[in-house]
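**Student:** Provided below are the primary sequence and the corresponding predicted coordinates.
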Amino acid sequence: MGALSNAVTAPSGTSNEARSQLIATLDWPAMREAVAVCTACGLCGHRTQTVFGTGNTRARWMIVGEAPGEQEDLRGEPFVGKSGQLLDNMLRAVQLTREEDTPTRQVYIANTLKCRPPANRNPEPAELSQCEPFLIRQIELVRPRIIVAMGRFAVQALLRSSEPIGRLRGRVHRYHGVALVVTYHPAYLLRNPQDKARAWDDLCLARDEARRHELP
């Protein structure tokens, strides 16, 4: 990527607006490379590896989570460990999968941050800001028909809302014209199993919205 890589990954010499415009031109291989070598915020000094995303890049469903945890940092894949197992179970319940399959049944999964915050702390605004152009470009390239935002920071990034998830869930929102449903993060559900029924309702809402548009 050369000079383009330097401008994208080390913004000290490039304005945030110019950097975002550059990222908006990247294809999948170039963006994956840019994320892998990114030093745009301090999280690069703590990661084992970046967590880019996984799934079918032509999937009709897109799951957006928050930030990688310890297991994600070690494996380089979002939603692994117990939270990943719960997510997989939730997806299977609505006939979706992250495994190799057709775009109509597979999901694409990405996080708001591509690096793990130390000790799994909450993402900081500056970190979210530096990573946001990558997520925006991923959504642009996938072109999903429906997005499920899981967790507070995913919701804030996509809806620009600081409202609690409990007030935002239960209805269909829009992200640049794409249907978006808000729900709890699987890690939260592991700590608060009483809300699993609400998360199931949210997935059913997303499924019904998909069916309303004659999607699987």
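**Tutor:** Looks like it came in fine.
**Student:** so where's the chain uncertain?
**Tutor:** Residues of the chain meeting the criterion pLDDT under 70: 1-14, 100, 103, 213-216.
**Student:** Helices along that one, start to end?
**Tutor:** 3-9, 16-23, 28-36, 70-75, 81-93, 125-142, 152-159, 165-168, 186-191, 196-212 (DSSP state H).
**Student:** Of all those helices, which one comes closest to residue 53?
**Tutor:** helix 125-142 (6.0 Å; Cβ to Cβ). Placement of C-beta: from N, CA and C, glycine included.
**Student:** What helices and strands are in contact with that closest one?
**Tutor:** helix 16-23, helix 28-36, strand 61-65, strand 107-111, helix 152-159 (3 or more Cβ pairs under 8 Å, 6 or more residues apart in numbering; DSSP states H and E).
**Student:** hang on, residue 31 packs against residue 134?
**Tutor:** Yes - assessed by Cβ atoms under 8 Å, residue 31 is found in contact with residue 134 at 6.6 Å.
**Student:** shared neighbours of these two, anything?
**Tutor:** residue 23 (Cβ atoms under 8 Å, 6 or more residues apart in numbering).
**Student:** coming back round to it: and among the helices of the chain, the most buried is which?
**Tutor:** helix 152-159 (a mean of 22; mean count of other Cβ atoms under 10 Å).
**Student:** That one vs helix 125-142, what angle?
**Tutor:** Orientation of helix 152-159 against helix 125-142 (axes from the mean of the first three to the mean of the last three Cα atoms, to 10 degrees) gives an angle of 60 degrees.
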